[in-house]
Each structure stands twice: as C-alpha cells, then as structure tokens.
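Undergrad: Pasting the sequence and the predicted model now:
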Amino acid sequence: SQQGEEDPQALSIQEGENATMNCSYKTSINNLQWYRQNSGRGLVHLILIRSNEREKHSGRLRVTLDTSKKSSSLLITASRAADTASYFCATVSNSGSARQLTFGSGTQLTVLP
Amino acid sequence: NAGVTQTPKFQVLKTGQSMTLQCAQDMNHNSMYWYRQDPGMGLRLIYYSASEGTTDKGEVPNGYNVSRLNKREFSLRLESAAPSQTSVYFCASAAPPGLPNTEAFFGQGTRLTVV
C-alpha cells in the first residue's frame, strides 16, 4: 500500500481563501515533499521539509511536519484559480541504501473564480 | 537543459505485445524512478534505481522489467502487455552526487493503452 495518504481527497474553495491539505504516512522518513500536478501533465516539486524541521515556508506555501504523528500539512494562502491542480505528498524513506520516493493518493484542489 | 525526457508520449498496444519505454535525464542524477498513475489515483512505484548498475522493485513490479543502461538512461519494459497495464507512466530522477535527498524531476509521461 502507498506510504502517504492525503486528506481530503477533493477540496473546492473560492479564490482568495486558504486551502489546507493533510498527509499521513506510515514509516520513518528522511524528508517529506509536496508536488503539484496539473491535469494531463507531469508532477512539479513544490517544497521539501526534512525530518528535523517542523515548518517551512515558500511564497504562499506553508508546510508543517509532525514526525510524532507521522503527518504533514500543506497550506496555500490567498488561493488563485491557477492553483487548481492535484497535490501529492511524497516521502523519502530512512531505511536501506536506496532512497525510495513514495507518493500518496493526492488531493484534487479546485479554486473557483 | 531538457531535464527528464520520456518517449514515446502515447502508445497503443495489443494484448501480448512487448514494448520499452525510454527515459533519459541530463542532470547527472543518481536516482531514477518509474511510476504508473491510474485515473484518480496517486503514483505507484514500479521500479527504482539508486545508482548506475542497481535496480530495486517498488510497490507494483509484476509484469515489468527495467534496465539502468548508464547514469542517464532508465528504461521500462513490458514483455507481454495486459489490459491491466493501461496507465500513464512517469519517469523521474533525483539526487545529484553528494545530495542524496533532494526533490525529484518528472518527465511528461507516457500514456499507454493496451487493447
């Protein structure tokens, strides 16, 4: 089964509102990453947070990580219609020599103009 | 830089046919990955390669083989295609030398239909 699970599966908000997506994972990680996927396209990296970090910001993005709860959240502030996309969390495992990058099932965000 | 290049972009196969999906990266990355994405789902890892000459199974390896031909190229082969392998396939690479835990860069995907 997949390492990460996003919640909610789908989210619809008005332009200007904030969007929060959550991710839970199962095993020990080296880092957690968030990606965005526009319909029919490849994934684009948004932000990476390491296991020893608790919060990270990048522009309108804010990511938190709680390793004790094995969970992360992605906050997009002041959302725009162009933010409409699927958002995925991905974890890099902390075991073994190979860094497996494992994705969750994603949150489909729709921002209404 | 081209980043990660996948070929072909689209492919239709008949059940039982074979084909190889090609992937190349020009970022000197050590790690490369093959994923499949089914409608409404996330990406499931098929195989990955931590470095040239090594490959490991991911979550859904059955029915696939891979080759890490050199540092740049990582190919995925379907020996006998089945309708259940209809999916969008993504290749990704990560980890420049000395930086093992970095973000991944993705190709644009190969949309494969098996009839």
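TA: In hand now; what should we look at?

Undergrad: switch to C-alpha atoms for all contacts and neighbour counts from now on
TA: Fine.

Undergrad: In three-state terms, how would the residue of chain A at minimum distance from chain B be classified?
TA: Nearest residue of chain A to chain B: residue A:105, at 3.9 Å (CA to the nearest CA). Secondary structure, DSSP: H, G, I helix; E, B strand; the rest coil: residue A:105 is coil.

Undergrad: That one: what's its closest spatial neighbour, skipping adjacent residues?
TA: Counting by CA to CA, 6 or more residues apart in numbering or on different chains, residue A:105 lies nearest to residue B:42, which is 3.9 Å off, once chain neighbours are set aside.

Undergrad: ok, now residue B:2?
TA: Setting aside the residues directly before and after it, residue B:2 is nearest to residue B:26 in space (CA to CA, 6+ apart), at 6.8 Å.

Undergrad: The one you found: neighbouring residues, count only.
TA: Around residue B:26 there are 14 other residues, counting by other CA atoms under 10 Å in any protein chain shown.

Undergrad: how about it, what does it touch?
TA: Listed by CA atoms under 8 Å, 6 or more residues apart in numbering or on different chains, the contact set of residue B:26 reads B:1-4, B:72.

Undergrad: What remains of those if I keep only buried residues?
TA: Neighbour counting by 16 or more other CA atoms under 10 Å in any protein chain shown classes B:4, B:72 among the contacts of residue B:26 as buried.

Undergrad: Which of the contacts of residue B:26 fall in strands?
TA: Where the contacts of residue B:26 overlap with strands, as defined by DSSP state E, the overlap consists of residue B:4.

Undergrad: Export the contacts of residue B:26 as CSV, with columns for pLDDT.
TA: What follows is the contacts of residue B:26, written out as CSV (pLDDT from 0 to 100):
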residue, pLDDT
B:1, 60
B:2, 75
B:3, 93
B:4, 96
B:72, 96
